[in-house]
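Engineer: Attaching a predicted model along with its sequence, questions to come.
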Amino acid sequence: MSNYYRALNEDFGNNTESGKTMKKDKQFCCDECGGDHIEWQVWADEYDVVSDGDGTRDVWCDDCEEHHKSVLKDDYKKKTDTEPTHAEIMQYIENNPVGPGGYTNSGTPTDETYEDAIRELQTNKGE
């Protein structure tokens, strides 16, 4: 292994001499689920200069098995501290039933009912 790649691997926490991988704490996660099993697609030129191509910074999330954006874990935590989870929203709707117009023919809440529950939960968290 060349010195360049040895240094690159050591920068990423891989101990190439012992064959052991020592992972540093991950700083980024999926902005949808918060999982940190994400992969970036990048372009590299012949000098190993890496760019992100079109600049969208989409990642593949192995947890969601979909493409999403990446965010810093701290930012995701701040977001989820104020945004209710799907389970919290559904529990709120179940505990605070709405009239027949608040549900679709299949019995799921309408988008308006769902958004109203989010707003109400966010108001309650802010108090």
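Structural biologist: Sure, I can see it. Small disclaimer: the values here were computed from a predicted structure and weren't measured.
Engineer: Output the contacting helices and strands for the longest helix seen in the chain.
Structural biologist: Using DSSP state H to assign secondary structure, the helix with the most residues in the chain is helix 111-126. Under the contact criterion of 3 or more Cβ pairs under 8 Å, 6 or more residues apart in numbering; DSSP states H and E, helix 111-126 touches helix 73-82, helix 86-95. Using the backbone N, CA and C atoms, a C-beta is placed for each residue, glycine as well.
Engineer: Can you list the buried residues in the first one?
Structural biologist: In other words, helix 73-82. Going by neighbour count (16 or more other Cβ atoms under 10 Å), the buried part of helix 73-82 is residue 76.
Engineer: what's that helix packed up against?
Structural biologist: If contacts are counted by 3+ Cβ pairs under 8 Å, 6+ apart, helix 73-82 sits against strand 28-30, helix 111-126.
Engineer: before we move on, the earlier item: could you give the angle of the longest helix of the chain to helix 86-95?
Structural biologist: Counting by axes from the mean of the first three to the mean of the last three Cα atoms, to 10 degrees, helix 111-126 lies at 100 degrees to helix 86-95.
Engineer: Alpha carbons of helix 111-126, in PDB - could you do that?
Structural biologist: The C-alpha coordinates for helix 111-126 follow below in PDB (Å, rounded to 0.1, in the frame of the first residue of the first chain):
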ATOM      1  CA  ASP A 111     -53.000  15.200   5.200                       C
ATOM      2  CA  GLU A 112     -54.800  18.100   6.800                       C
ATOM      3  CA  THR A 113     -55.600  16.000  10.000                       C
ATOM      4  CA  TYR A 114     -51.900  14.800  10.100                       C
ATOM      5  CA  GLU A 115     -50.600  18.400   9.700                       C
ATOM      6  CA  ASP A 116     -53.000  19.700  12.300                       C
ATOM      7  CA  ALA A 117     -51.800  17.100  14.800                       C
ATOM      8  CA  ILE A 118     -48.100  18.100  14.100                       C
ATOM      9  CA  ARG A 119     -48.900  21.700  14.800                       C
ATOM     10  CA  GLU A 120     -50.800  20.900  18.000                       C
ATOM     11  CA  LEU A 121     -48.000  18.600  19.300                       C
ATOM     12  CA  GLN A 122     -45.300  21.300  18.400                       C
ATOM     13  CA  THR A 123     -47.400  23.900  20.300                       C
ATOM     14  CA  ASN A 124     -47.600  21.500  23.300                       C
ATOM     15  CA  LYS A 125     -43.800  20.900  23.300                       C
ATOM     16  CA  GLY A 126     -43.100  24.600  23.200                       C
END
